[in-house]
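Enquirer: Let me see the structure of the following:
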Amino acid sequence: MTADQGAGPATAGAVLALIRSGSATTRAEVGRTTGLSRTAVSARLAALVEAGLVSEGDEAPSGGGRPPATLRFNRDAGVVVAAAVGGSRSQVAVCDLEGRVLAGDAEDQQPGLGPDDLMPGIVERCRNLLTESGWAPVAVRGVGISIPAVVDPEKGGSLDSPVLTGWDGVPLAPYFHELIQAPVFVDNDANVLAASESGELLSSYRDLLLVKASTGLGIGIVVGGNLVRGAWGAAGELGHVKSPAAEGRTCRCGEQGCLEAVAGGWALVQEMRRRGREIDHVRSLVALALAGDAEARALIRESGRRVGEALAFAVDLLNPEAVVLGGDMSAAYDTFVAGLREGLYAHAAPVATRRLQVLASTHGEQAGVIGCARLALEAILDPVQIDLALSAR
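Expert: Alright, predicted model coming up:
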């Protein structure tokens, strides 16, 4: 990054972005990269140091004389709270400003709970985790929440969800206001899983599809390094595309013929119960598969094959470099992906799959809360927001 002609000199927020990315680790490098004078560099760094966002040390190599001070982003200048809310299980965490989990927990819950029944408990769990990790609520700089729904960005809640009954139109930020006076950011669960790969797989693959295969099915779509949400936030609703294999079957959304009705985790659990196998969640099905249960393995592989067939259309249209698997069924990665490859490569154009990589998500079970944390961090550490916060000080 260089000082932009017509946009004015690099601001403190832009300098922080350079330091966070590792593009500038000394004052001299900041000056060379931005074109700022030594005085201007000092002024911007002074504001960042005073805010606690940057620290300086004396560890940079020196050609002689006093070593130049090394600039570091201070990941301990506050925390973010993450809440990955599902239909039957929710995870919460406290993370530092690099998105590392400092404390977290996961709890199963009764399906069908409304926001007034579920959210107060989630906020209380966040309160307990802050205490456990030694942080006061005032240190929270942002909250990231994921939900299995099309999200209304204006209200910060569900616009449409077949999973969370009674949540549509309900803003989630007010539930946190008693505990945390910080901005709250809400996004779809598959989008958040894609966000969890910033700094990891997104460093190598700028175009990818992250498939969430869990109780429901969805895709986080990344094109050119940017998350694609669509005009109304409904991009990636893989579970509700029509599948010939689901013809005549009713989906939990009320429609017939949705992919989820034959490949979603909830449908697999129903099928196992129909066969006389008493399991309560797709995680139980995965555990059986990992223990070698032939029925469980066959159902998960068949789910992968159906997902691969539907995914072929997205691969042909978007030509991603990688397909990444996340969600509960990713724990049975080899079994699910064997089916996914079968369906995908049989239905997608050879030119689109010739160099396509199929990969596991980086963070496993923690991907949801890490993605929520990074959703919040992307917003609060944006250069413009940093400049506004420094001005307010």
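Enquirer: can you pull the contacts of residue 171?
Expert: 155-157 (CB atoms under 8 Å, 6 or more residues apart in numbering). Glycine gets a C-beta too; all of them are placed from N, C-alpha and C.
Enquirer: Those in strands, which ones?
Expert: residue 157 (DSSP state E).
Enquirer: Please tell me which one of the contacts of residue 171 counts the most neighbours.
Expert: residue 157 (24 neighbours; other CB atoms under 10 Å).
Enquirer: Do you know the pLDDT at it?
Expert: Residue 157 is assigned 94 on the pLDDT scale.
Enquirer: Would you confirm that residue 372 contacts residue 144?
Expert: Yes. The pair residue 372 / residue 144 is scored as a contact, 3.5 Å apart, by CB atoms under 8 Å.
Enquirer: who touches both of the two?
Expert: With CB under 8 Å, 6+ apart as the test, residue 372 and residue 144 both reach 82-83, 192.
Enquirer: For this structure, which segments count as helices?
Expert: Under the criterion DSSP state H, the chain contains helices at 12-21, 27-34, 38-50, 115-133, 189-195, 201-204, 260-263, 265-274, 282-290, 294-318, 333-347, 350-353, 367-380, 383-392.
Enquirer: closest to residue 168 out of the ones you listed?
Expert: helix 115-133 (10.0 Å; CB to CB).
Enquirer: quick one: contacts of that closest one?
Expert: 79, 81, 83, 85, 90, 92-94, 102-105, 107, 109, 136-137, 139-140, 157, 164, 166-167, 170, 172, 175-176, 178-180.
Enquirer: try 6 Å
Expert: 81, 83, 90, 92, 94, 102-103, 167, 170, 175-176, 179 (CB atoms under 6 Å, 6 or more residues apart in numbering).
Enquirer: Now distance to residue 251 too, for the contacts of residue 171, in a markdown table please.
Expert: Formatted as a markdown table, the contacts of residue 171 follow (distance: CB to CB, whole Å):
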| residue | distance to residue 251 |
| --- | --- |
| 155 | 25 |
| 156 | 27 |
| 157 | 23 |
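Enquirer: what's the closest of the contacts of residue 171 to residue 215?
Expert: For the contacts of residue 171, the nearest to residue 215 is residue 157 (19.8 Å; CB to CB).
Enquirer: Can you tell me which of the contacts of helix 115-133 are classed as buried?
Expert: 81, 83, 90, 92, 94, 102-103, 167, 170, 175-176, 179 (16 or more other CB atoms under 10 Å).
Enquirer: Tell me how the protein divides into domains.
Expert: Domain assignment for the chain by automatic domain parsing gives 12-73, 79-194+368-392, 200-362.
Enquirer: From the opening residue of the first one to its closing one, how far?
Expert: So that's domain 12-73. 13 Å (CA to CA, to the nearest Å).
Enquirer: Just checking the distance from that domain to the centre of its chain.
Expert: Distance of domain 12-73 from its chain centroid, counting by CA atoms, centre = their mean, to the nearest Å, is 30 Å.
Enquirer: Quick one: mean pLDDT over that domain.
Expert: 87.
Enquirer: Residues in contact with the helix or strand bottoming out on mean pLDDT in the chain: which ones?
Expert: Within the chain, no helix or strand scores below strand 54-57, which has a mean of 89 by mean pLDDT, DSSP states H and E. The contact list for strand 54-57 (CB under 6 Å, 6+ apart) reads 48, 69-72, 74.
Enquirer: One more: stretch 351-371?
Expert: So stretch 351-371 is in contact with 82, 84, 91, 93, 99, 101, 104, 192-193, 195-196, 200, 315-316, 319, 322-326, 333, 337, 345, going by CB under 6 Å, 6+ apart.
Enquirer: Apply 7 Å and report the result again.
Expert: 82, 84, 91-93, 99, 101, 104, 146, 189, 192-193, 195-197, 200-201, 210, 315-316, 319, 321-326, 330, 333, 337, 340-341, 344-345 (CB atoms under 7 Å, 6 or more residues apart in numbering).
Enquirer: same check, this time on stretch 236-251
Expert: By CB under 7 Å, 6+ apart, stretch 236-251 touches 190, 216-221, 253, 255-262, 264, 306, 310.
Enquirer: quick check: mean pLDDT across that stretch?
Expert: Average pLDDT, stretch 236-251: 94.
Enquirer: That one: end-to-end distance?
Expert: End-to-end for stretch 236-251, by CA to CA: 17 Å.
Enquirer: try stretch 339-357
Expert: 15 Å.
Enquirer: Now it: buried residues?
Expert: Within stretch 339-357, judged by 16+ other CB under 10 Å, the buried ones are 339-345, 347-348, 352-353, 356.
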